[in-house]
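J.: Structure for this input, please:
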Amino acid sequence: MITRIHAVHFDASQQLQEFVEKKVSKLEKLFEGASSLEVTMKLIKPETSMNKEVSLDLSGAGTEMFVSKVGDKFEDALLDCIDALKTKIEKNKEKARKMLPEALGGKPEDKELTEAIF
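T.: This is a model prediction of the structure:
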């Protein structure tokens, strides 16, 4: 999976970039079909609290997922984004599990067909 990190209105430190790389690498295990991940970190208004926005855009396997969170720290916003993206991935997998057996002519409850695919 290709990971691109963008910092808008500030220069991201090496430590922050390494933190991002470490945390988002775990997403690849959850979503095997992922081809690219865009991480965008924005400094909204320097003089206010909750001024750091992180957004994740995950693409691959005919699916695109986007989440965005705001926090006091980039690290906190990133962790919130990862949690939200994990939830989206699980919902997407569950939806695929329910729909795929029907598409192949089986019933939604047909566990053998679903287990053979996943």
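J.: first vs last residue of stretch 4-16, how far apart are they?
T.: Using Cα to Cα, to the nearest Å, one end of stretch 4-16 lies 13 Å from the other.
J.: helices and strands around the helix ranked longest in the chain, which ones?
T.: Across the chain, the longest stretch assigned as helix under DSSP state H is helix 74-103. Contact here means 3 or more Cβ pairs under 8 Å, 6 or more residues apart in numbering; DSSP states H and E; on that basis helix 74-103 packs against helix 14-24, helix 27-30, strand 36-43, strand 52-60, strand 63-71, helix 111-117. Glycine gets a C-beta too; all of them are placed from N, C-alpha and C.
J.: please redo it, this time with the cut-off set to 6 Å
T.: strand 52-60, strand 63-71, helix 111-117 (3 or more Cβ pairs under 6 Å, 6 or more residues apart in numbering; DSSP states H and E).
J.: Tell me which of these sits most buried.
T.: Most buried of those by mean neighbour count (mean count of other Cβ atoms under 10 Å) is strand 52-60; its value is a mean of 20.
J.: Next, count neighbours for Leu16.
T.: Neighbourhood size, Leu16 [other Cβ atoms under 10 Å]: 18.
J.: my bad, Asp11
T.: 6.
J.: Shouldn't it be within a strand?
T.: No: per DSSP: H, G, I helix; E, B strand; the rest coil, Asp11 lies outside any strand segment and is coil.
J.: Looking at the helices and strands packed on helix 74-103, which is nearest to Val20?
T.: strand 52-60 (8.6 Å; Cβ to Cβ).
J.: any idea of the mean pLDDT in the closest one?
T.: Mean per-residue pLDDT for strand 52-60: 93.
J.: and what of stretch 82-92?
T.: What stretch 82-92 shows for mean pLDDT is 92.
J.: where in this protein is pLDDT low?
T.: 100-118 (pLDDT under 70).
J.: With distance to Leu37 as extra columns, can I get the helices and strands packed on helix 74-103 in CSV?
T.: Listed next are the helices and strands packed on helix 74-103 as CSV, based on distance: least, Cβ to Cβ, whole Å:
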stretch, distance to Leu37
strand 52-60, 5
strand 63-71, 10
helix 111-117, 25
